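> any chance you could fold what I've pasted below:
(chains A and B)
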Protein chains: 2
Amino acid sequence: MTAQVPRQAWPGVVGGLVVLAGAAVLWGPALLHGRPGDPVARFLFSVAVILLVCHVFGAVLKRFGQPPVLGEVVGGLVLGPSVLGLLWPSSQGWLFPEPVLTALNHAAQLGLIVFMFLLGCELRTDRIGSRRVVGATVLGGMGLPFAAGAGVALAAPALGGGGTGFVLFFGLALSITALPVLARILVDLGLADTRLGATALSSAAVGDGVAWFGLTVILAGTGLSGTGDVATTAGLAVALVVATVLCVRPALRALVARVSSTQLLLGTLVVGAIGYAGVTSLIGLHPVIGAFLFGVAVPRNVPAVTRIGEQLQGFAIGILLPLFFAGVGLSTSVGLLGESAGNWLLFLLVLAVATVAKFVGTGGAACLAGLPVRESVRLGALMNCRGVTELVVATIGLQYGFVNELGFTILVLVAVLTTAATGPLVRAVTARGGDGSRDQAVTSDSP
Amino acid sequence: MTAQVPRQAWPGVVGGLVVLAGAAVLWGPALLHGRPGDPVARFLFSVAVILLVCHVFGAVLKRFGQPPVLGEVVGGLVLGPSVLGLLWPSSQGWLFPEPVLTALNHAAQLGLIVFMFLLGCELRTDRIGSRRVVGATVLGGMGLPFAAGAGVALAAPALGGGGTGFVLFFGLALSITALPVLARILVDLGLADTRLGATALSSAAVGDGVAWFGLTVILAGTGLSGTGDVATTAGLAVALVVATVLCVRPALRALVARVSSTQLLLGTLVVGAIGYAGVTSLIGLHPVIGAFLFGVAVPRNVPAVTRIGEQLQGFAIGILLPLFFAGVGLSTSVGLLGESAGNWLLFLLVLAVATVAKFVGTGGAACLAGLPVRESVRLGALMNCRGVTELVVATIGLQYGFVNELGFTILVLVAVLTTAATGPLVRAVTARGGDGSRDQAVTSDSP
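Predicted structure coming up:
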């Protein structure tokens, strides 16, 4: 194996490129005009283009310390109506015709379900450092943004479908903190093993559980837009949760302890997650809620389950999930903001309210609960990271008609900007006060 | 963690089941009749049902020493028109409506492409034990079945679309040996590290390369059914192969040596495989040929590439590929055989010709090349395993109109039966002559 292209290979490389260019010139035009291409070929071609663009943007943004999800959303924005569609409108129909978008959406859903399942698997409340600080952070850090978001929704009906569902949903959307992106940013900042990092992660984990539970309640209570029966959905949701706790959890524990084949366990868990997603979708909730619930029911601290998580990283998380985030970017029309100055003002209002409420709510509550002021400020900056969770929640909001395209676009942009700002913001706050947190490592908290 | 459901949990389990049953009785009917279900929910539900049934059949067949692919195809047969469709016709429209089947097909294609890419990655000719025996085995073991298959196609035009393409394709279809299933069966039989095992694997690997090359030639030459331009396809295919050897291969070698991030390498290789699949599909060949070609271009003996193969096992090979094989079963109507006695006779003829020609061709050629008679007989029994490769080839044949539904069904059944028979057949032949091969371990051949 050579470390680079050997010198004597270059004539061959040039020859190969000449052959390829010649073939493209000779036969390319006939190919593009003569053959409509079968649907599978177009699907594969679009997948390859999306993944390639997302990887390139991800690699560029990584140099600026940003997580991969930003590259994926930005890649989708660039390929979608926001950029490529503006510059070259005919590209959209050619690159992403309706059947291809549908197929992309279905494949991406599988990645999203595995992601939510793993998120549920990793949800744990047994490693919380100071229960008082975490409790206060969740309460203040979600309560204030929720109230502020609901206030924005009441004041700006142009963002969504109106009604109680819209107000509650918008409040919930602003109170989100993204656990997986936060975990990554903490590692990048070298804060993962500190008291601040442990508090932030615990608060985000508990907040995640609260947010998905809240979304379930909103969907069950108001999400059916009048087409379904609220009592049916709520009753079935409660029955499913009760049956999961009483039956599925012990059954999974027994299964995991007995089955030695990773392949069999992988199949069972993935089938269970997809099945749960299908069932929650059938009873009128969103599929991701079922996948998350099934993940919560999986026993913790089992090596076989950890191995399965690693096996699912490769394709489901590495390839299919990026298709979902790119799809979010593809569905976003930043151009909507440009239609009127009022839209720009709305966007800046939501961004400011979301950031200030999260920062003040989290930092203030943590400070009141006894965390030193400097750490409270940094915690406030950290918890403003909305990342992937906000993107999933915004998609659900658009799907169920809580928000309209303008509201969706604003939420996506708020998610992208607050996530991108988290790293630099925490670094700025840290630089002013010196990096004191590394001294207070809480490695004793880790098992 | 308890090893089984603890005694005190049982009242809870029973209570949970009662709650679930009550909820189903109370709200189930309203749910099934009142809501059509959104497309994503139906897709997820079908995926869960297919994977569940395939896993159950796989677990049952495993007890009889059969590889997982048989469980997947048989599961598809049972869920499809062959069994469930006969017993309960309305289930097909409800369980697998057209949009769901399309989405399943797209997701399954991603699994198939990763599978073919990995197959290409593992193709190697540097570990062949005795070149003479392997060469003879490939020549005799593919030549005789090819001639016999072409003869059957000439004699039985009822199986396909007629013409040169049909005759060549049918000959190729009968000359297949499935490398991945064979490798698994050899491990199960304890023959993987013997001279016989090494010869069988090398012959199957070389044969795989020959078969995919032959299919490429058939598709480029005749496969476009008159809609395309043969010269364009053939010219572009040659240009792609030349550019792959001269440019892509050295570029991948340099990339693999420089990039340390597994995630980045995974993305690059999967994007490359999907992109190649899209390109070959665009120029009129089947996507799997592109994925295979790109896999062949990946450098061998690199730990990072091996790790990526393991990461792709989980979801792409463990979940999406089974959807493809189940899809093969779903597209097969065994009922076609029952329509006339002639169809049954045709099926038995193809099965007999395929088995006898493979057995005599492989065993005879190996014997002439100097392999002892008893090992030649066992090699003949081993190489009759057609498994997954035959299923992929049969699907391509149906897609391009080389074979009709009857021909496709017969090829699928031949693949299932020859694969299922391989283990027992080799065991029977071994039992008659004593298990002498274990003594001739060729561990010295392994690196």
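> show me the contact partners of stretch A:146-161.
A:166-175, A:225, A:342, A:346, A:349-350, A:353-354, A:356-357, A:397, A:401-404, A:406-407, A:410 (Cβ atoms under 8 Å, 6 or more residues apart in numbering or on different chains). (Each C-beta comes from the backbone N, C-alpha and C, glycine too.)
> could you tell me which of these belong to helices?
Among these, the ones falling in helices (DSSP state H) are A:166-174, A:342, A:346, A:349-350, A:353-354, A:356-357, A:397, A:406-407, A:410.
> and those, which of them are buried?
Buried residues within the ones in helices among the contacts of stretch A:146-161, counting neighbours by 16 or more other Cβ atoms under 10 Å in any protein chain shown: A:166-174, A:346, A:350, A:353-354, A:357, A:397, A:406-407, A:410.
> in what helix or strand does the residue nearest to residue A:83 when sequence neighbours are not counted lie?
Distances taken as Cβ to Cβ, 6 or more residues apart in numbering or on different chains put residue A:77 closest to residue A:83, at 6.3 Å, once the chain neighbours are dropped. Per DSSP states H and E, residue A:77 falls inside helix A:68-79.
> for the very next helix or strand once past that helix, list the C-alpha coordinates in PDB.
Next along the chain after helix A:68-79, taking DSSP H and E as the criterion, comes helix A:84-87. The C-alpha coordinates for helix A:84-87 follow below in PDB (Å, rounded to 0.1, in the frame of the first residue of the first chain):
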ATOM      1  CA  LEU A  84     -29.900  26.300  -6.200                       C
ATOM      2  CA  GLY A  85     -33.700  26.800  -6.800                       C
ATOM      3  CA  LEU A  86     -33.200  30.600  -7.000                       C
ATOM      4  CA  LEU A  87     -30.200  30.500  -9.200                       C
END
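> helix, strand, or coil at the closest residue to residue A:112 other than its chain neighbours?
In this structure, residue A:112 finds its nearest non-sequential neighbour in residue A:324, 4.7 Å apart by Cβ to Cβ, 6+ apart. What DSSP: H, G, I helix; E, B strand; the rest coil gives for residue A:324 is helix.
> surely residue A:324 and residue A:110 touch.
No. Between residue A:324 and residue A:110 there is no contact under Cβ atoms under 8 Å: 9.2 Å.
> ok, those two, which is more surrounded?
Neighbours were tallied for residue A:324 and for residue A:110 using other Cβ atoms under 10 Å in any protein chain shown; the higher tally belongs to residue A:110 (29 against 26).
> what sits against that one?
Here residue A:110 is in contact with A:274, A:316, A:320, B:47, B:107, B:319 (criterion: Cβ under 8 Å, 6+ apart).
> returning to that earlier point: which residues touch the residue nearest to residue A:112?
Counting by Cβ under 8 Å, 6+ apart, residue A:324 makes contact with A:108, A:109, A:111, A:112, A:115.
> so the last one lies in a helix, does it not?
Yes. Under three-state DSSP, residue A:115 sits within a helix.
> is there proximity between the helix or strand encompassing residue A:290 and chain B?
Using DSSP H and E, residue A:290 sits in helix A:287-297. Yes. With Cβ under 8 Å from any Cβ of the partner chain as the criterion, chain B is reached by helix A:287-297 at residue A:287.
> tabulate the CA atom coordinates of the helix or strand following that helix in PDB.
For helix A:287-297, the following helix or strand on the C-terminal side (DSSP H and E) is helix A:303-312. Taking Å, rounded to 0.1, in the frame of the first residue of the first chain, the C-alpha atoms of helix A:303-312 are listed here in PDB:
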ATOM      1  CA  PRO A 303     -22.700  -4.500  26.500                       C
ATOM      2  CA  ALA A 304     -24.700  -6.200  23.700                       C
ATOM      3  CA  VAL A 305     -27.000  -3.200  23.400                       C
ATOM      4  CA  THR A 306     -24.000  -0.800  23.200                       C
ATOM      5  CA  ARG A 307     -22.600  -3.000  20.400                       C
ATOM      6  CA  ILE A 308     -25.900  -2.700  18.500                       C
ATOM      7  CA  GLY A 309     -25.800   1.100  18.900                       C
ATOM      8  CA  GLU A 310     -22.300   1.000  17.300                       C
ATOM      9  CA  GLN A 311     -23.500  -1.200  14.500                       C
ATOM     10  CA  LEU A 312     -26.400   1.100  13.700                       C
END
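> the contacts of residue A:110 into JSON lines, with extra columns for pLDDT?
Formatted as JSON lines, the contacts of residue A:110 follow (pLDDT from 0 to 100):
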{"residue": "A:274", "pLDDT": "93"}
{"residue": "A:316", "pLDDT": "91"}
{"residue": "A:320", "pLDDT": "92"}
{"residue": "B:47", "pLDDT": "91"}
{"residue": "B:107", "pLDDT": "92"}
{"residue": "B:319", "pLDDT": "91"}
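> show me which of these are buried.
A:274, A:316, A:320, B:47, B:107, B:319.
> of the residues you listed, closest to residue A:137?
The closest of these to residue A:137 turns out to be residue A:316 (Cβ to Cβ; 31.2 Å).
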